[in-house]
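In: Pasting a predicted model and its sequence here:
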Amino acid sequence: MKFEQLLNNFDMGICIEQLQKESLLDLALLFVAVDGSIAEEELAVVETWAHKIEWNSAINLDNYIIDMTSKCVLAVQSDDIESFIQHRMTHIVDQSMRVFVLELLKQVIEADGITDENEIKALKIVESLIQPA
């Protein structure tokens, strides 16, 4: 039954859409952690945006955020930021979402009023991966 539902979801584009949303969220959470600390203001921007989107996953959104934040901290600690970004960007296929990710990431960066060098470097990586419209 679940496999049949999965196939139906693929047919309707739900899985692809959800994967893009997860990748957007992953990137936003990475930018919360990329400066070496978790600023509540930055996390609030991400959570506010995330709770506005339609979330179609077996994993509860809040649990996903907690789990992914931990993974983002590990990516930063292991200096795996560029490959993390590259992997997530491959799942964001809609050009409008690729452009939107820049807007969201800039909001995250600016939320605490401090722009860190690592945030700027990471943003440049994202910008380099976005194809012109």
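Out: Structure received.
In: Do me a favour and get the end-to-end distance for stretch 42-58?
Out: 26 Å (CA to CA, to the nearest Å).
In: Ignore what I typed, I meant stretch 88-104.
Out: Length of stretch 88-104, first residue to last, CA to CA: 15 Å.
In: and the closest residue to Ile16 other than its chain neighbours, helix, strand or coil?
Out: Excluding its sequence neighbours, the residue lying closest to Ile16 (CB to CB, 6 or more residues apart in numbering) is Val93, at 7.1 Å. The C-beta positions use only the backbone N, C-alpha and C, and glycine is treated the same way. Three-state call for Val93 (DSSP: H, G, I helix; E, B strand; the rest coil): coil.
In: Where does the prediction get shaky in the protein?
Out: 1-14, 131-133 (pLDDT under 70).
In: Now with 50, please.
Out: Within the chain, the segments meeting pLDDT under 50 span 1, 9, 11, 133.
In: all helices for it, in order.
Out: Remark: helices assigned in the chain by DSSP state H are 2-12, 14-33, 40-50, 61-77, 81-90, 95-111, 117-129.
In: Point out the most buried one among those.
Out: helix 14-33 (a mean of 21; mean count of other CB atoms under 10 Å).
In: Can you tell me which helices and strands that one packs against?
Out: Judged by 3 or more CB pairs under 8 Å, 6 or more residues apart in numbering; DSSP states H and E, helix 14-33 is in contact with helix 2-12, helix 40-50, helix 61-77, helix 81-90, helix 95-111, helix 117-129.
In: Dump those to TSV, plus distance to Leu30.
Out: Output for the helices and strands packed on helix 14-33, formatted as TSV (distance: least, CB to CB, whole Å):
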stretch	distance to Leu30
helix 2-12	26
helix 40-50	10
helix 61-77	4
helix 81-90	6
helix 95-111	9
helix 117-129	7
